[in-house]
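In: got a sequence here, can you model it:
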Amino acid sequence: MSFAAQEQALFDLLFDRTLRENFIRNPETALAPYRLSPAEVDDFRLIRPDALAFDARLRTGLILSQLCRNFPLSFSLMSSVPEWLDKLQALVDRETMRAPPLERATVFGMRLRDLVTETAFSSPEEQQAAAAILDAELGMVWTSAMLKGFVLEGGSLAQPPAGVPEGWLALPARPAAFVSAILIPQPYEALKQALCPCTGTELWRQLGKTPLATADRQRILQVHNPRLLVLRATLTRISRCDPDVDHRTVELPEGFASLFEHLDGSGSIGDLLAGLVQAGAPAGLLQSVQSGFLQLLQCGMLETVSYRN
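Out: Residues are numbered from 1 along each chain as shown. Prediction:
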């Protein structure tokens, strides 16, 4: 008797609709890949199909309510498209649920992004905006998972420097650990206020009752005020099971996006400024760029690399 095989079969029955339908028609054929004994198959026969379907729906709803906490803006946007609930429920399947718990939200988010790119929004610009918003939320999910995994594996977080190092303009610079940067169509807080009337699992309940109207989605995504959202996952509570992680954020003008991509540790911020000078950038722009990167350094989102490294 293999309890592991039985647990896997039951798990898959809950999160694989096709397997569940096959099981209802022919339990022996559906369960054949799990190599259960005849007695174990007989035990599964006792499961009522309606109870199994109800349990699957209940679990899927609970899981989506938790995932809504990770992707509040994207869930709100998706609620404005036809059959949105069926589409999200279909993503809570064996592929998503077999992912390691720490990676599950990231796997779901990547599949949700495929769904966003396949969804018929009102215009290509709307679709691009929705994808960028999801990318920002994916950045938060991914950096959070990376930081949690690092801590749970016994990693020790380095203390941030007391201040900006002397001569920072000339030192090679790169993004710090657990940092992501995404260009979003509007400031993040403005999007959150427009798309999320409430937070947490309450948002999932609210969307179920009152999905976002198509006209409201169109109105919200028409606003074009791009910002580079830079975020860093930070540990707020240490735990051996599930550390708490939050994110610090900094938003910069759209033009920082291409400049940020060049900071990979091989060049300095001073090099970027020198390139802008050669391109004829005005003094005001140069000062703005320098101030923006200084802010990222002060917030621990960029780090300088010593020449001896």
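In: for the stretch 151-300 of the chain, which segments count as strands?
Out: Counting by DSSP state E, counting those that start in this stretch, the stretch 151-300 of the chain has strands at residues 173-175, 179-184, 227-237, 244-253.
In: on contacts alone, who are the packing partners of the shortest one?
Out: Using 3 or more C-beta pairs under 8 Å, 6 or more residues apart in numbering; DSSP states H and E as the contact criterion, the neighbours of strand 173-175 among helices and strands are strand 302-304. In short, each C-beta sits where N, CA and C put it, glycine included.
In: other SSEs contacting the strand it packs on?
Out: For strand 302-304, the packing partners by 3+ C-beta pairs under 8 Å, 6+ apart are strand 173-175, helix 283-298.
In: relative to strand 179-184, how tilted is the last one?
Out: Counting by axes from the mean of the first three to the mean of the last three C-alpha atoms, to 10 degrees, helix 283-298 points 140 degrees away from the direction of strand 179-184.
In: what comes up buried for helix 283-298?
Out: Residues 288-290, 292-293, 296-297 are the ones in helix 283-298 that count as buried (16 or more other C-beta atoms under 10 Å).
In: run the chain-centre distance for stretch 52-68.
Out: With C-alpha atoms, centre = their mean, to the nearest Å as the basis, stretch 52-68 stands 19 Å off its chain's centre.
In: I meant to write stretch 131-151 there.
Out: Remark: stretch 131-151 is offset 5 Å from the chain centroid, using C-alpha atoms, centre = their mean.
In: what mean pLDDT does it get?
Out: Mean pLDDT, stretch 131-151: 95.
In: follow-up on the earlier one: same list (the strands of the stretch 151-300 of the chain) but as TSV, adding mean pLDDT.
Out: Putting the strands of the stretch 151-300 of the chain into TSV (pLDDT from 0 to 100) gives the following:
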stretch	mean pLDDT
strand 173-175	95
strand 179-184	97
strand 227-237	93
strand 244-253	94
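In: which one of these lies closest to A9?
Out: With C-beta to C-beta as the measure, strand 244-253 is the member of those nearest A9 (34.0 Å).
In: just want the angle from that closest one to strand 227-237.
Out: In terms of direction (the same axes, to 10 degrees), strand 244-253 departs from strand 227-237 by 160 degrees.
In: out of the buried residues of helix 283-298, flag the one nearest to R94.
Out: Among the buried residues of helix 283-298, and counting by C-beta to C-beta, the member closest to R94 is L296, at 40.8 Å.
In: that closest one reaches V230, doesn't it?
Out: Yes. Using C-beta atoms under 8 Å, L296 is in contact with V230, at 6.2 Å.
In: got any residues that touch both of these two?
Out: 250, 252 (C-beta atoms under 8 Å, 6 or more residues apart in numbering).
In: can you put the helices and strands packed on strand 302-304 in a markdown table and add distance to A158?
Out: Listed next are the helices and strands packed on strand 302-304 as a markdown table, based on distance: least, C-beta to C-beta, whole Å:
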| stretch | distance to A158 |
| --- | --- |
| strand 173-175 | 14 |
| helix 283-298 | 15 |
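In: give the contact list for the residue lying closest to L147 once chain neighbours are set aside.
Out: Once flanking residues are discounted, L147 sits nearest to A233: 4.3 Å by C-beta to C-beta, 6 or more residues apart in numbering. For A233, the contact set (C-beta under 8 Å, 6+ apart) comprises 140, 143-144, 146-147, 178-179, 245-247.
In: can you flag the buried ones in the residues you listed?
Out: Using 16+ other C-beta under 10 Å, the buried ones in the contacts of A233 are 140, 143-144, 146-147, 178-179, 245, 247.
In: most widely separated two among those residues?
Out: Top of the distance list for the buried ones among the contacts of A233 (C-beta to C-beta): V179 and V245, 13.0 Å.
In: re the thing from before, between the buried ones among the contacts of A233, which is closest to A129?
Out: M140 (17.5 Å).
In: which strand or helix spans the closest one?
Out: helix 124-152 (DSSP states H and E).
In: quick one: list the elements packing against that helix.
Out: Secondary-structure packing of helix 124-152 (3+ C-beta pairs under 8 Å, 6+ apart): helix 49-70, helix 72-78, helix 104-118, strand 179-184, helix 214-222, strand 227-237, strand 244-253.
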